[in-house]
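Trainee: give me a model of this one.
(3 chains)
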Amino acid sequence: MQDNGLVGFFEQFLTKTSVFTNKAALQAQYAPGVIQHRDTQITQVANVLAPCLKNERPSNLFIYGKTGTGKTLVTRYTTDQIKNVAEQRQLPVKIVYINCKLKKVADTEYRLMAQLAKEFGKEVPPTGLPTDEVYRIFFSALDKHKQTVVLILDEIDQLVGKAGDELLYNLTRINSELQQAQISIVGISNDLAFTDALDPRVKSSLSEEELVFAPYDALQLQDILRDRASIAFRPNAVEAGVIEKCAARAASDNGDARRALELLRVAGELAERQNMDRIALAHLDIAEETLEKNRVLEFVRIQPKQHQATLYSILNVCAQKSGVFTGEIYDAYQKVCAQTKLRPLTQRRVSDIIAEFDMNGLISAKVISKGRYGRTREIRLAVPPQNCAQMLQLLQEGLALA
DNA sequence: AGGTATTCACATGAAACTATTCTCTGAGTTAGG
DNA sequence: TAACTCAGAGAATAGTTTCATGTGAATACCTGT
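Mentor: This next block holds a predicted model:
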């Protein structure tokens, strides 16, 4: 393209009216001024946590709900209000929010403790110290002042999955050892069956209070979307029916508000890129496809080499026939390794990698018994064929295959 | 025919190992007084 | 003698390997009719 052509493009880009006025309102981190359809939950959380303002220890609280049902939003909103009141009146209340899913932050016992210590002003090295030591540092920092601490552990199931429930046991018991401070725990999980696997002692003390967030229904999602859309888009930028359709999609998909907002945002971006001044229904369809495709491709792209090699083998073998077994994949995988000078992993490990892909929904791998001919996984692809070609290409580049 | 014992090809679990990153500690070294 | 350097011991963690045990049903093998 010629320079002046490009300049023209940019100038046009700047002057043209965008469908967006504030795109941030559709992003996940955005905190809306008003939270729709969660009044009862807000009240309940507030009721449970309010005692901390009177310097009493609030009950531990456990919040369940599927993704995108507003658990985090409600909790953060409520605790922010508490924080405000506490600040105004100079009350010794501290709210600590930790997302246990964040890699390298709080996904193990050590890291959680280190993160907590950091919240109380004690930097802890990322490794090198015994865990007890970090625990001790946190403990002494916590107990230094008379204060009430509300510790919010988001995605707590992830933490327990990796670090075990002993950690939670210690945390719930910590109050009996504290002299000055007191602590209560708010656990947030989107795995409803999570507590079943928990040690009964931990379970009972952690869920002194319980709260379940039901998924939004289509009408509620509509309200939410309309509210956000009115902030995010120029007036009249959304065609009639778009919001309704978007809400309906998300409602049938577990009532995930986050997905719905993302869908709307991508649809908006599409409309903008096409120089349209309104978002049409057609944009939604395309948005849904691109969203899914990008999700898959991005996932594939960031996989480690060994995983990529395994996936490459799966794609190749599955392209020839459907219903493939672990052994065949492993044979193909070994060949791929030979070609790429990759050190082949054991079948044990590859088996686990296949299971991981199954978890991530890239393939479906069902354990079946073939009777006399053994027991294995029956593997088939779970991505649409038109995406496979792109995945293959991506993998070939990633693995530097001819 | 009907019943039960085998057998396959992995699945699944647990423990141990490897490599990397990082701290802490104490011995040895150096430089200044 | 104080400050500095540096190697070695220990930790945490991710990713594997090694070893051991489990498993569901198609087949092989009996048994009695």
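
Trainee: and the stretch 51-200 of chain A, which of its residues are near DNA strand C?
Mentor: A:103, A:107-111, A:127-131, A:162 (Cβ under 7 Å from any atom of the strand). Any C-beta I mention is one placed from the backbone N, CA and C, and that applies to glycine too.

Trainee: what's the farthest-apart pair in these?
Mentor: Across these, the longest distance by Cβ to Cβ is 22.2 Å; it joins A:103 and A:130.

Trainee: quick one on the thing from earlier: out of the residues of the stretch 51-200 of chain A next to DNA strand C, who has the most neighbours?
Mentor: Highest neighbour count within those, by other Cβ atoms under 10 Å: residue A:111, with 24 neighbours.

Trainee: just the buried positions in the strand or helix carrying it, please.
Mentor: Secondary structure assignment for residue A:111, by DSSP states H and E: helix A:109-119. For helix A:109-119, burial by neighbour count (16 or more other Cβ atoms under 10 Å) applies to A:109-117, A:119.

Trainee: which residues sit against it?
Mentor: Helix A:109-119 is contacted by residues A:96, A:98, A:100, A:104-106, A:123-127, A:131, A:134-135, A:137-138, A:141-142, A:151, A:159, A:163-164, A:166-167 when judged by Cβ atoms under 8 Å, 6 or more residues apart in numbering.

Trainee: in terms of helix, strand or coil, where does residue A:303 fall?
Mentor: For residue A:303, the assignment made with DSSP: H, G, I helix; E, B strand; the rest coil gives coil.

Trainee: which residues does the residue lying closest to it once chain neighbours are set aside contact?
Mentor: Setting aside the residues directly before and after it, residue A:303 is nearest to residue A:311 in space (Cβ to Cβ, 6 or more residues apart in numbering), at 6.8 Å. Residues in contact with residue A:311, defined by Cβ under 8 Å, 6+ apart, are A:300, A:303, A:357, A:362, A:391, A:395.

Trainee: gap between residue A:267 and residue A:13?
Mentor: Residue A:267 is 20 Å from residue A:13, where distance means Cβ to Cβ, to the nearest Å.

Trainee: between the two, who's got more neighbours?
Mentor: Comparing residue A:267 with residue A:13 by other Cβ under 10 Å, the one with more neighbours is residue A:267, at 28 against 11.

Trainee: pLDDT score for that one?
Mentor: pLDDT recorded at residue A:267 is 94.

Trainee: over to residue A:236?
Mentor: For residue A:236, the predicted pLDDT is 86.

Trainee: assess the claim that it and residue A:278 are in contact.
Mentor: Yes: contact criterion Cβ atoms under 8 Å: residue A:236 and residue A:278 qualify, at 7.2 Å.

Trainee: compare neighbour counts for these two and give me the winner.
Mentor: Using other Cβ under 10 Å as the criterion, residue A:236 and residue A:278 rank with residue A:278 on top: 15 against 9.

Trainee: for the closest residue to the more buried one other than its chain neighbours, give me its contacts.
Mentor: Distances taken as Cβ to Cβ, 6+ apart put residue A:239 closest to residue A:278, at 5.3 Å, once the chain neighbours are dropped. Going by Cβ under 8 Å, 6+ apart, residue A:239 touches A:278-281.

Trainee: how close does residue A:239 get to residue A:281?
Mentor: Residue A:239 is 7 Å from residue A:281, by Cβ to Cβ.

Trainee: before we move on, what about residue A:207?
Mentor: For residue A:207 relative to residue A:281 (Cβ to Cβ), the value is 44 Å.

Trainee: who has more neighbours, those two?
Mentor: The residue with more neighbours, out of residue A:207 and residue A:281, is residue A:207; 19 against 14, by other Cβ under 10 Å.

Trainee: helices or strands up against the strand or helix carrying residue A:289?
Mentor: Assessed by DSSP H and E, residue A:289 sits inside helix A:281-301. Judged by 3 or more Cβ pairs under 8 Å, 6 or more residues apart in numbering; DSSP states H and E, helix A:281-301 is in contact with helix A:242-252, helix A:257-273, helix A:385-399.
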